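Asks: Return a 3D structure for these sequence lines:
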Amino acid sequence: MDSLRMARSNSVHIAPDPRRVIVKPFMPHDEAYPDGSSRIQVVVRRILAMPEHEVTETLRSSRAAFAGRHRNLDDVLDRHLEIVAGRIAHVPHLDVLDESLSSDRRRLIGAYFTHEYSIQAAALGNPSMVVGPDQSGAGPGELRFVMSLRAIGEGHMSSIEFRSGTVSADAAVRLDAVSPYATTGMLTEHAYDKAFFATKLADMSMLNEVEERVFARLGERFTMAELEAAVTALDDDGIERSISGETTRVLQWLASSNYRTSFAPSTDISERVLFPTGPTESRGMEDARFVRFVDDDGTVTYYATYTAFDGHQILPQLIETSDFIDFRVATLRGQVAHNKGIALFPRRIGGKYVALGRHDNVNNFVMTSNDIRVWPDATVIQEPERPWELMQLGNCGSPVETDAGWLVITHGVGPFRRYTLGALLLDLDDPSRVIGHLKQPLLEPSDDERDGYVPNVVYSCGGLVHGEHLVLPYGYADVGAGVATVRLDDLLNQLANSAP
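Replies: Model (predicted):
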């Protein structure tokens, strides 16, 4: 019987902190008042009627209460003011951008339509770890890393946070200090690919004459503004809004789900929060599996697959970055781009992109593709067979390349919905071939990790190898996260003696 177990680090304890807050626009529901005004309009009129001295004092006291909790608070208020302006641009006598208004009054309007959101109020966990893009400051034998974490706040809303730190030559993990601030990114204008839109709509059985008329007015690459103009031009074709409305909404939904967001380079990586932005992820961004991908030409890109949740369905999506400052988010498509838990291999194999997946929600698969955003094929590599994984299987992040094969950390669900971690070894040239499978779990919930938001669970979204050790961050009970390590040779020897 296998006896190998991972050793937990005593120096890494990551717990949710309800003081980690971001600021978000607060737009009340547009309930109508007896005179036909919306709540936003009514509140703005009240602020415009305030005496100037009261405006000044109210803004001063608000700044005193909140400025120390957020960077560049006035910039936030200015952005939220512009959102309000867009909501009431058609209403006479409510020009909140009127330069005759004092800057204090304009920012106070922004303040009334701002609220804080505690991103970790419920839980923090399910980490992944990759070699960092910047190794400056690493000492002899040390490796700098970036860790992603799933933060869960009010309403079970998930977002993606980051931490950084170092791993020493003997696998001791040290986290860098966490900034007291947290901030979301700024959406940036970018071009969309018409061919991708057409094939995605075809996959959804939504490509019809209306979409084709829109595409005819667009170049091979187009912006959101150009898409909006092409949609508006349908009126010139005599197409009634009742006919074009649903299909054009799908186009706009697809465009909003593919976006870029960026952060000021001066922010610490622990401040950056990827918060739900597109409609497919409106209720959460879950379990990002980051991988440092090296292409055939040596180009390094960090990719992450994650689960987007809109309150009704889940979809896998892709994050792309080179520096953890600028991020591109894209939808995935293809017959096997479904369900949770897609994890990319860190390089091409045989000229193709390869990924682990679980599109049937039960078994582990290997997927291959010529396009990192399109996944048409999959081969099952593992079905539940051990007692501790009979309910379902999944991966715990991207495979790690070793001389012996591709090392895959897996999770299995057993009695009482208890999650434990195991391991597979896949052939380097043919990763659909399993050459090793641990007979016993590698990591199980300890007694002090059982209780929490989701009891009896340990889970990881990916680790790395440094020196002689596998270093694996893991979440437990959706309460917090830790790090466990194991000697790589010991694990590979165990797998070599556990052939399926």
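Asks: So Val465 is in contact with Leu488, correct?
Replies: Yes: Val465 is within contact range of Leu488, at 5.9 Å (criterion: CB atoms under 8 Å). Bear in mind the C-beta positions are built from the backbone N, C-alpha and C, glycine included.
Asks: Give the residues shared as contacts by the two.
Replies: By CB atoms under 8 Å, 6 or more residues apart in numbering, Val465 and Leu488 have these common neighbours: 402, 407.
Asks: Those two - which one has more neighbours?
Replies: A direct count of neighbours by other CB atoms under 10 Å for Val465 and Leu488 places Leu488 higher, at 21 against 18.
Asks: Mean pLDDT per element in the chain, and the minimum belongs to which helix or strand?
Replies: Ranked by mean pLDDT, DSSP states H and E, the weakest helix or strand in the chain is helix 241-257, scoring a mean of 79.
Asks: For it, what is the distance to the chain centroid?
Replies: Distance of helix 241-257 from the chain centroid (CA atoms, centre = their mean, to the nearest Å) equals 24 Å.
Asks: now swap in stretch 59-73 and tell me
Replies: With CA atoms, centre = their mean as the basis, the mean position of stretch 59-73 lies at 28 Å from the chain mean.
Asks: List of residues touching that stretch?
Replies: By CB under 8 Å, 6+ apart, stretch 59-73 touches 21, 23, 76, 104, 107-108, 111, 116, 180-181, 183, 267, 271.
Asks: so which of the residues you listed comes closest to Leu393?
Replies: When the contacts of stretch 59-73 are compared for distance to Leu393 (CB to CB), Glu271 wins out at 35.8 Å.
Asks: still on that earlier bit, are any of the contacts of stretch 59-73 buried, and which?
Replies: Burial by neighbour count, judged by 16 or more other CB atoms under 10 Å, picks out 21, 23, 76, 107-108, 111, 181, 183, 267, 271 from the contacts of stretch 59-73.
Asks: Please flag which of the residues you listed sit within helices.
Replies: Applying DSSP state H to the buried ones among the contacts of stretch 59-73, the entries found in helices are 76, 107-108, 111.
Asks: Could you list the domains of this protein?
Replies: 7-17+119-185+263-496, 21-118, 187-257 (automatic domain parsing).
Asks: Just flag the most distant two among the ones in helices among the buried ones among the contacts of stretch 59-73.
Replies: Val76 and Leu108 (13.0 Å).
Asks: residue contacts, Pro25?
Replies: Contacts of Pro25 by CB under 8 Å, 6+ apart are 80, 83, 113-114.
Asks: now the strands for the stretch 251-400 of the chain?
Replies: Secondary structure of the stretch 251-400 of the chain, counting by DSSP state E, counting those that start in this stretch: strands at 259-262, 272-273, 284-294, 300-309, 314-321, 326-331, 343-344, 353-357, 364-369, 377-382, 392-395, 400-402.
Asks: Okay, now the unreliable bits of the protein?
Replies: Across the chain, the ranges flagged by pLDDT under 70 are 1-2, 241-244.
Asks: what ranges do the helices span in it?
Replies: Under DSSP H, the chain gives helices at 39-48, 52-66, 73-87, 103-112, 194-203, 209-216, 224-232, 241-257, 488-496.
Asks: if we look at the last one, which residues are touching it?
Replies: So the one you mean is helix 488-496. 2, 4, 402, 404, 407, 423-425, 435-438, 442, 465, 468-470.
Asks: before we move on, the earlier item: dump the contacts of Pro25 into CSV; add distance to Ala230 and neighbour count as well.
Replies: Below are those laid out as CSV (distance: CB to CB, whole Å; neighbours: other CB atoms under 10 Å):
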residue, distance to Ala230, neighbour count
His80, 30, 23
Ile83, 25, 14
Phe113, 31, 21
Thr114, 34, 23
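Asks: TSV for those residues, including distance to Gly155?
Replies: Shown next, in TSV, are the contacts of Pro25 (distance: CB to CB, whole Å):
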residue	distance to Gly155
His80	20
Ile83	21
Phe113	19
Thr114	18
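Asks: which of these sit farthest apart?
Replies: Ile83 and Thr114 (9.7 Å).
Asks: hang on, the earlier thing: dump the strands of the stretch 251-400 of the chain to TSV, plus distance to Gly452.
Replies: Converted to TSV, the strands of the stretch 251-400 of the chain look like this (distance: least, CB to CB, whole Å):
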stretch	distance to Gly452
strand 259-262	30
strand 272-273	22
strand 284-294	16
strand 300-309	20
strand 314-321	22
strand 326-331	29
strand 343-344	24
strand 353-357	26
strand 364-369	26
strand 377-382	28
strand 392-395	19
strand 400-402	28
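Asks: For Met204, which of these is the nearest?
Replies: strand 326-331 (10.3 Å).
Asks: Can you tell me which helices and strands that closest one packs against?
Replies: Using 3 or more CB pairs under 8 Å, 6 or more residues apart in numbering; DSSP states H and E as the contact test, the elements touching strand 326-331 are helix 241-257, strand 259-262, strand 314-321.
Asks: Identify, out of these, the most deeply packed stretch.
Replies: strand 314-321 (a mean of 20; mean count of other CB atoms under 10 Å).
Asks: now the angle from that strand to strand 284-294?
Replies: 40 degrees (axes from the mean of the first three to the mean of the last three CA atoms, to 10 degrees).
Asks: before we move on, back to that, need the helices and strands packed on strand 326-331 in a markdown table (columns: distance to Val374).
Replies: Listed next are these as a markdown table, based on distance: least, CB to CB, whole Å:
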| stretch | distance to Val374 |
| --- | --- |
| helix 241-257 | 15 |
| strand 259-262 | 19 |
| strand 314-321 | 11 |
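Asks: Just the CA atoms of the least confident helix or strand of the chain, as PDB, please.
Replies: In PDB, the C-alpha atoms belonging to helix 241-257 read as follows (Å, rounded to 0.1, in the frame of the first residue of the first chain):
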ATOM      1  CA  ARG A 241     -35.900  45.800 -34.100                       C
ATOM      2  CA  SER A 242     -38.300  43.000 -33.100                       C
ATOM      3  CA  ILE A 243     -36.500  40.800 -35.600                       C
ATOM      4  CA  SER A 244     -33.000  41.900 -35.100                       C
ATOM      5  CA  GLY A 245     -33.100  42.600 -31.400                       C
ATOM      6  CA  GLU A 246     -32.300  39.100 -30.000                       C
ATOM      7  CA  THR A 247     -29.600  38.300 -32.500                       C
ATOM      8  CA  THR A 248     -27.800  41.600 -32.000                       C
ATOM      9  CA  ARG A 249     -28.000  41.200 -28.300                       C
ATOM     10  CA  VAL A 250     -26.100  37.900 -28.700                       C
ATOM     11  CA  LEU A 251     -23.400  39.800 -30.700                       C
ATOM     12  CA  GLN A 252     -23.100  42.400 -27.900                       C
ATOM     13  CA  TRP A 253     -23.100  39.700 -25.200                       C
ATOM     14  CA  LEU A 254     -20.200  37.900 -27.000                       C
ATOM     15  CA  ALA A 255     -18.200  41.100 -27.400                       C
ATOM     16  CA  SER A 256     -18.700  42.000 -23.700                       C
ATOM     17  CA  SER A 257     -17.500  38.600 -22.700                       C
END
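Asks: Thank you kindly, that will do.
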